[in-house]
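Participant: Mind folding the following:
(2 chains)
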There are 2 protein chains.
Amino acid sequence: MEFSSKLLENAVNEISQLPGIGKRTALRLALHLLRQPKEHTHNLSNALLNMVNDLKLCKSCNNISDNDLCDICANSLRKDDVICVVEDIRDVMAIENTASHKGLYHVLGGKISPMDGVGPHDLNINSLVQKVKEGKVKELIFALSPTMEGDTTNFYIYKQIKDYSIQTSTIARGISVGDELEYADEITLGRSILNRIPFESSLKL
Amino acid sequence: MEFSSKLLENAVNEISQLPGIGKRTALRLALHLLRQPKEHTHNLSNALLNMVNDLKLCKSCNNISDNDLCDICANSLRKDDVICVVEDIRDVMAIENTASHKGLYHVLGGKISPMDGVGPHDLNINSLVQKVKEGKVKELIFALSPTMEGDTTNFYIYKQIKDYSIQTSTIARGISVGDELEYADEITLGRSILNRIPFESSLKL
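Facilitator: Numbers count the residues shown, from 1 in each chain, chains lettered A, B, ... in the order given. Here you go, the predicted structure:
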């Protein structure tokens, strides 16, 4: 792509570093910004800089936060002995949207994935195990994605805490609500038959 | 969407103002920036600010430029009496990529489109007509999109310059190279039969 301006070229190159944005889309975005009043770009730029410079991680759960403790950890109405273990903050937001979890979270910051060079020590696992050792936890809910990496991570954590008398659970796996059975994959369908639930309890959900 | 941080929320809101980017994509981009070293965001932010603050429009053709005259207008090897009229700078880049035009450009900045509230006076039409009046132009090539708005704009300009003895042409319309005839729309196909070209001349292309 030939640019008539170095400034435009730089902007397009920087924008196209973002995931999922190619040169053409970057050019469209840059031209859009040029057509808008300058304040739009100033606001965008300030919001990005403030975010990367000032954003903190919650000292307790590693969720993204403006303060030392995130709003969830600082909320005294939540059960602080039920901890939901998630991969990243998007999962916190997704679960919070369902309003189904009244306890706290623990954000690992990823999954154990040797293929991507992510080992247990790259994740916030030690601080979680520490919470369990200190007797602060009654139940751990593993809410990682049901993939090989997710299962590996669940099991790695489980091994370290299994000697402490706490409950552990994992989110239910089965056919998604609204899915057609014929399109479900074999493993999910097979397991959902084996792990079937009493019909009466499904009525209460 | 519930955010655990005002800073993140601001950034997501600003990013999602960009065309074609929704809240979910904006969140993904913001989290990507947070995972990168801070310099990435600083570079992005600087590139955007420099672009909107320092970018100029070429005094002659309204193309985007770092100087008063764009590289194309300042290039003495190009024919300065053959002017290709285009809608915006993306069209300049597209035509430049084909290396088929050796003259200069004139960027209108849009098309006449009463539905969008764009009239002739919102576009750089007067400066084009002025160039023609000053006898600087031998040929005008209309290279607007073949839509109703493009045709209206072509015709509006044509009416103002038709009394000056210059050549005017418009880019060829017909079936795209590689297209299947059965999928071509009726108007394009019909016109391409009426405006058929001698077979010998098609061999030279």
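Participant: In the longest strand seen in chain A, which of the residues would be classed as buried?
Facilitator: In chain A, with assignment by DSSP state E, the single longest strand is strand A:79-86. Residues of strand A:79-86 classed as buried: A:Asp80, A:Val82, A:Ile83, A:Cys84, A:Val85, A:Val86 (neighbour count, 16 or more other C-beta atoms under 10 Å in any protein chain shown). Just so you know, the C-beta spots here come from the backbone N, C-alpha and C atoms, and that holds for glycine as well.
Participant: Could you do stretch A:184-195 as well?
Facilitator: A:Ser192.
Participant: A:Thr25: helix or strand, and which one exactly?
Facilitator: Per DSSP states H and E: A:Thr25 is located in helix A:23-35.
Participant: average pLDDT across that helix?
Facilitator: Helix A:23-35 comes out with an average pLDDT of 91.
Participant: what does the stretch of helix or strand A:Thr168 belongs to contact?
Facilitator: Per DSSP H and E, A:Thr168 falls inside strand A:167-170. Here strand A:167-170 makes contact (C-beta atoms under 8 Å, 6 or more residues apart in numbering or on different chains) with A:Lys138, A:Glu139, A:Leu140, A:Ile141, A:Phe142, A:Ala143, A:Asn154, A:Tyr158, A:Ile161, A:Lys162.
Participant: Walk me through which strands it pairs with, and which way each runs.
Facilitator: strand A:139-142 (parallel) (DSSP bridges).
Participant: Domain boundaries for chain A, per the record?
Facilitator: A:6-54, A:70-171 (automatic domain parsing).
Participant: Out of those domains, the one nearest B:Gln130 is which?
Facilitator: Among the domains of chain A, the nearest to B:Gln130 by C-beta to C-beta is domain A:6-54 (24.2 Å).
Participant: Just want the most central residue of chain A.
Facilitator: Central residue of chain A (C-alpha atoms, centre = their mean): A:Asp88, 2.5 Å from the mean position.
Participant: Verify the stated contact: that residue with A:Gly109.
Facilitator: Yes. If you go by C-beta atoms under 8 Å, A:Asp88 and A:Gly109 touch, sitting 6.5 Å apart.
Participant: Packed most tightly, which of the domains of chain A would that be?
Facilitator: Greatest average neighbour count among these goes to domain A:6-54 (a mean of 18), per mean count of other C-beta atoms under 10 Å in any protein chain shown.
Participant: Say whether chain B is contacted by stretch A:22-30.
Facilitator: Yes. Judged by C-beta under 8 Å from any C-beta of the partner chain, stretch A:22-30 comes into contact with chain B at A:Thr25, A:Leu27, A:Arg28, A:Leu29, A:Ala30.
Participant: Among those, pick out the one closest to chain B, please.
Facilitator: Of all the residues of stretch A:22-30 next to chain B, A:Leu29 has the smallest distance to chain B: 5.3 Å, by C-beta to the nearest C-beta.
Participant: chain center to stretch A:194-204, what's the gap?
Facilitator: How far stretch A:194-204 lies from its chain's middle: 28 Å, per C-alpha atoms, centre = their mean, to the nearest Å.
Participant: ok, now stretch A:43-60?
Facilitator: Mean-position distance between stretch A:43-60 and its chain equals 18 Å (C-alpha atoms, centre = their mean).
Participant: CA atoms of that stretch as PDB?
Facilitator: What follows is stretch A:43-60, C-alpha atoms only, in PDB (Å, rounded to 0.1, in the frame of the first residue of the first chain):
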ATOM      1  CA  ASN A  43     -10.300  11.700  23.700                       C
ATOM      2  CA  LEU A  44      -9.500   8.300  22.300                       C
ATOM      3  CA  SER A  45      -5.800   8.800  22.800                       C
ATOM      4  CA  ASN A  46      -6.200  10.000  26.400                       C
ATOM      5  CA  ALA A  47      -8.500   7.200  27.300                       C
ATOM      6  CA  LEU A  48      -6.000   4.600  26.100                       C
ATOM      7  CA  LEU A  49      -3.100   6.300  27.800                       C
ATOM      8  CA  ASN A  50      -4.900   6.700  31.100                       C
ATOM      9  CA  MET A  51      -6.000   3.100  30.900                       C
ATOM     10  CA  VAL A  52      -2.500   1.600  30.400                       C
ATOM     11  CA  ASN A  53      -0.800   4.000  32.800                       C
ATOM     12  CA  ASP A  54      -3.200   4.000  35.700                       C
ATOM     13  CA  LEU A  55      -5.100   0.700  35.700                       C
ATOM     14  CA  LYS A  56      -4.300  -1.600  38.600                       C
ATOM     15  CA  LEU A  57      -4.900  -5.200  39.300                       C
ATOM     16  CA  CYS A  58      -6.900  -6.100  42.500                       C
ATOM     17  CA  LYS A  59      -4.500  -7.200  45.200                       C
ATOM     18  CA  SER A  60      -6.700 -10.000  46.200                       C
END
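Participant: any idea of the mean pLDDT for that stretch?
Facilitator: Mean pLDDT, computed over stretch A:43-60, is 92.
Participant: contacting residues around it?
Facilitator: Contacts for stretch A:43-60 (C-beta under 8 Å, 6+ apart): A:33, A:63-70, A:72-73, A:104, B:4-5, B:7-8, B:10-11, B:13-15, B:17-18, B:30, B:33-34, B:38, B:41-42, B:44-45, B:48-49.
Participant: Now go through these and say which are in helices.
Facilitator: A:33, A:72-73, B:7-8, B:10-11, B:13-15, B:30, B:33-34, B:38, B:41-42, B:44-45, B:48-49 (DSSP state H).
Participant: what residue ranges in chain A are flagged as low confidence?
Facilitator: For chain A, the stretches with pLDDT under 70 are A:205.
Participant: In a helix, A:His106, correct?
Facilitator: No. With DSSP: H, G, I helix; E, B strand; the rest coil as the criterion, A:His106 is located in strand rather than a helix.
Participant: I'd like to know how far it sits from A:Asp163.
Facilitator: 19 Å (C-beta to C-beta, to the nearest Å).
Participant: Return the distance of A:Met93 relative to chain B.
Facilitator: To chain B, A:Met93 is 6 Å away according to C-beta to the nearest C-beta, to the nearest Å.
Participant: who's in contact with that residue?
Facilitator: B:Met1, B:Glu2, B:Phe3, B:Ser4, B:Leu27.
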